[in-house]
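J.: quick one, what's the 3D model for this:
(one chain, ligands or ions: 1)
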Amino acid sequence: MSVASHDNRKQYGTNERLAARARLVTKYTISDIGWFPWIAGQLPLDPGASILDVGCGPGWFWSSAMERLPKDIDLTLTDLSEGMVREALERCTSLPFTSVKGKPADAATLPFAAGTFDGVIAMHMLYHVSDAAKAIAEMHRVLKPGGFLAVTTNGMGDMKTMYEIATVLGSPPYNPTAAIFGFDQANTMLKAQFDNVRMAQHPARLRVTDPEDVFLALTSYPPGDTASEAELSALRGEISRAFAAGNGVLDMEKQFGLFISVKKDG
Ligand SMILES: C[S@@+](CC[C@H](N)C(=O)[O-])C[C@H]1O[C@@H](n2cnc3c(N)ncnc32)[C@H](O)[C@@H]1O
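T.: Coordinates of the predicted model:
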């Protein structure tokens, strides 16, 4: 089993672990526009659209990007984790969309009829799915002709310095999710099922100033989440060295990409 997909339920039973990684990104990203508002500005959302969010997590996208989204959309939230769906519904039902509903669902077997949605969104989740091509086929199936699929994922150069620190735990020197479903895999798999695929990268860097946030992020997923005391102390040592080398700052490129694919019309 891959590093990123290892024990998904443990990672995402609640949002606590996801929050440690998300905090690093939300707190330290340097960009003219935040990730979620940037995504919202790229989505081809027509008024009255019915949208399915696959692997919605706690629904942060919808609450954070509300200002930039049309309000007259029908939103369906799904996630493998019941806890995530519950939290996403709690967060999103009060938003002024036409309708918001949700249910647990596996991306590999979406419980919706063919041609149901105008848009499907799968953000930072396909590296968790054991057969990403099958999940993409499911997303393609539930789209109406002319509908769009928006997929986001990480590139191999994402937060490189931080992943180099994680080698002390035996991790590879890159974001493990990008090795499973990074820009190259997304491009190839999406083009295998959609004619029209375009990619854009969020222009952003990270300037991390608190070493503890790096420690919390790296211990929120395997193997850091089960590291021994000796390994954790070695990790703290590497983090301190990296911050000292950067004069108290960890400055690194963030590689988050968005792929928008359109289902053939007719
Ligand atoms: C990194 S989080 C992303 C959450 C949200 N899309 C976002 O971008 O903020 C990945 C989510 O995918 C969900 N997930 C993992 N495997 C899944 C599957 N096979 N089907 C549906 N959701 C899945 C996890 O439970 C988790 O909520």
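J.: which residues of the stretch 151-266 of the chain score low on pLDDT?
T.: Scanning the stretch 151-266 of the chain for pLDDT under 70 picks out no residues.
J.: just the strands in it please.
T.: Ranges of strands in the stretch 151-266 of the chain, per DSSP state E, counting those that start in this stretch, are 196-201, 205-208, 250-253, 256-262.
J.: list the neighbouring strands of the second one plus their orientation.
T.: The partner list of strand 205-208 in its sheet, established with DSSP bridges, is strand 29-30 (antiparallel), strand 250-253 (antiparallel).
J.: now the shortest one: average pLDDT?
T.: If you average the pLDDT over strand 29-30, you get 92.
J.: that strand and the ligand, any residue contact?
T.: No. Judged by C-beta under 6 Å from any ligand atom, strand 29-30 stays clear of the ligand, getting no closer than 13.9 Å. Every C-beta, even on glycine, is put in place using the N, C-alpha and C of the backbone.
J.: now do stretch 195-211
T.: No. Stretch 195-211 lies out of reach of the ligand by C-beta under 6 Å from any ligand atom, never closer than 12.3 Å.
J.: compute the first-to-last residue distance for that stretch.
T.: Using C-alpha to C-alpha, to the nearest Å, the end-to-end distance of stretch 195-211 comes to 44 Å.
J.: need the contact partners of that stretch.
T.: Contacts to stretch 195-211, defined as C-beta atoms under 8 Å, 6 or more residues apart in numbering, come from residues 24-25, 28-32, 35, 38-39, 42, 155, 159, 162, 183, 186-187, 190-191, 214, 236, 239-240, 243, 248-262, 264.
J.: ok, back up a step: let me have the strands paired with strand 205-208 in a markdown table, extended by mean neighbour count.
T.: Below are these laid out as a markdown table (neighbours: other C-beta atoms under 10 Å):
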| stretch | mean neighbour count |
| --- | --- |
| strand 29-30 | 14 |
| strand 250-253 | 18 |
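J.: any chance of those strands in CSV, plus distance to Asp79?
T.: Formatted as CSV, the strands paired with strand 205-208 follow (distance: least, C-beta to C-beta, whole Å):
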stretch, distance to Asp79
strand 29-30, 24
strand 250-253, 29
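J.: Leu143 touches Ala122, doesn't it?
T.: No. If you go by C-beta atoms under 8 Å, Leu143 and Ala122 don't touch, sitting 11.6 Å apart.
J.: what's the overlap in contacts for the two?
T.: Common contacts of Leu143 and Ala122 (C-beta under 8 Å, 6+ apart): Leu149.
J.: who in the stretch 101-250 of the chain is up against the ligand?
T.: So the stretch 101-250 of the chain meets the ligand at 106-108, 123-125, 128-129 (C-beta under 6 Å from any ligand atom).
J.: just the buried members of the contacts of stretch 195-211?
T.: 24-25, 28-29, 35, 38-39, 42, 155, 159, 162, 183, 186, 190, 214, 239, 243, 250, 252, 254-262 (16 or more other C-beta atoms under 10 Å).
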